[in-house]
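>>> Sequence and predicted structure, then a few things I'm wondering about:
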Amino acid sequence: MNAEFLGNFLEDKLISSHIAAVKGSYTEKAALECRNMADSYLLDGRTFFTSGDDVNAVASFTYALGWIDAGRYIGFIEPDNRYFNESGDEIFITPGLDEHLNEKTGRYKRMLTSALDSVKSGPDIESPVYNASEGIIRKAGNHLNSGDEFLNRKMTVNALAEYSYGYGWLYCGVRAGIIIILKNRELFTV
């Protein structure tokens, strides 16, 4: 699997994804924001890819996939039942980008770690949305752990993809209003 494959996979998901919210509602606004973020990062990823920057392309595509999958988990997006790299296939990039890859991967690991330490579930514990909030935080944490496992296996591109994907999940939960920022607000534009 390579950056181009990830971009095509994301584009297919966006084509088959539909907003699952009442027109004009606040939920629709949140769902559209989720969709628009994914669309924007698809375009960014394509720009990076065509310029030869596979590292930023992978980060952009997987971040967008995190937004779409979190939006589906919350109920904003009608499901298509395909998640990013469930099989754990190795992701390859153009050779010679190791320094850029290592820097970006380390930065994304630090960002996701700090972001997870900076948030908590927003809804009341008795609210059904509380479980969605906790699930998103747990999912982001799982992808942090998966990224660490890939780093230990010297699969740095996969580690970057996991950190970026997990950050997309967490950020979507913040923007949806079901996760509260406690500190380090600079990690989230709200």
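That came through fine.

>>> Could you use CA atoms for every contact and neighbour count after this?
Fine.

>>> where do the strands sit along the protein?
Per DSSP state E, the chain carries strands over the ranges 119-121, 179-181.

>>> out of those, nearest to R72?
Among the strands of the chain, the nearest to R72 by CA to CA is strand 179-181 (16.0 Å).

>>> Give me the distance between G45 and Y26.
Using CA to CA, to the nearest Å, G45 is found at 29 Å from Y26.

>>> So for the two, which residue has more residues nearby?
A direct count of neighbours by other CA atoms under 10 Å for G45 and Y26 places G45 higher, at 28 against 12.

>>> got the contact list for A59?
G45, L160, A161, S164, Y165 (CA atoms under 8 Å, 6 or more residues apart in numbering).

>>> Can you flag which of those residues belong to helices?
Mapping the contacts of A59 onto helices (DSSP state H) picks out G45, L160, A161, S164, Y165.

>>> quick one on the thing from earlier: so which of the strands of the chain is the most surrounded?
When those are scored by mean count of other CA atoms under 10 Å, the highest mean neighbour count falls to strand 179-181 (a mean of 20).

>>> Which elements pack onto that one?
Applying 3 or more CA pairs under 8 Å, 6 or more residues apart in numbering; DSSP states H and E, one finds that strand 179-181 makes contact with strand 119-121, helix 156-175.

>>> Which strands and helices lie in contact with the last one?
What that stands for is helix 156-175. helix 54-74, helix 98-117, helix 128-152, strand 179-181.

>>> Quick check: neighbours of the last one in the sheet, parallel or antiparallel?
In other words, strand 179-181. Strand 179-181 has the following sheet partners, assigned by DSSP bridges: strand 119-121 (antiparallel).

>>> How far away from the center of its chain is the strand it pairs with?
Offset of strand 119-121 from its chain centre (CA atoms, centre = their mean, to the nearest Å): 17 Å.
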